[in-house]
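> below are the sequence and a predicted model for it; my questions follow.
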Amino acid sequence: LVEVWKDNWIPDLELLIEPSPTNTLEPDARACQLIDWANGGWKQELVAQCFTATIAHKILSIPLSHWQNVDKVIWPKNPKGVYTVKSGYHIANEHLYGQRDTTVSQIGVDKNEWQWLWSLKLPQKVKVFSWK
């Protein structure tokens, strides 16, 4: 379960949030306490009371699922919502090189050059050694 004051759960907000002076939530409050399950939306008055206007706006702009599921943290860069080394690698690669689907071994090398290597009639271990 996502903790309001301890988890980084608000998109585009890298720091942990501080409660507003009018906050009524407990220190161990959960994000699910901010959801109006009967109406399928946020408890807007409670959000406005507990957070600054900027943070409240960010929270209220988070879309909620139509299904009543337990809140949980997901990795948005993977279709299954789970962090993998591969998805982390792609994010790091994109950050470093500004390219989404390019691996470090392909930068500056034409894709046809690699196809030529893989088409050679050599033992697989020799091809892998050459590629590395």
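Perfect, I can see it now.
> which one's the longest helix in this protein?
Scanning the chain for the helix with the most residues, using DSSP state H, yields helix 85-97.
> and that one, how far out from the chain middle?
Centroid displacement of helix 85-97 relative to its chain, using C-alpha atoms, centre = their mean, to the nearest Å, is 13 Å.
> stretch 57-76 now?
Taking C-alpha atoms, centre = their mean, the mean C-alpha location of stretch 57-76 is offset from the chain mean by 12 Å.
> ok, and what's touching that stretch?
By C-beta atoms under 8 Å, 6 or more residues apart in numbering, the surrounding residues in contact with stretch 57-76 are 1-2, 7, 9-13, 30-32, 34-35, 37, 40-42, 44, 47, 51, 81-84, 87. Glycine gets a C-beta too; all of them are placed from N, C-alpha and C.
> please repeat the previous calculation with a cut-off of 10 Å.
Residues from elsewhere that reach stretch 57-76 (C-beta atoms under 10 Å, 6 or more residues apart in numbering): 1-4, 7-13, 17, 30-38, 40-44, 47-48, 50-52, 80-84, 87-88, 91.
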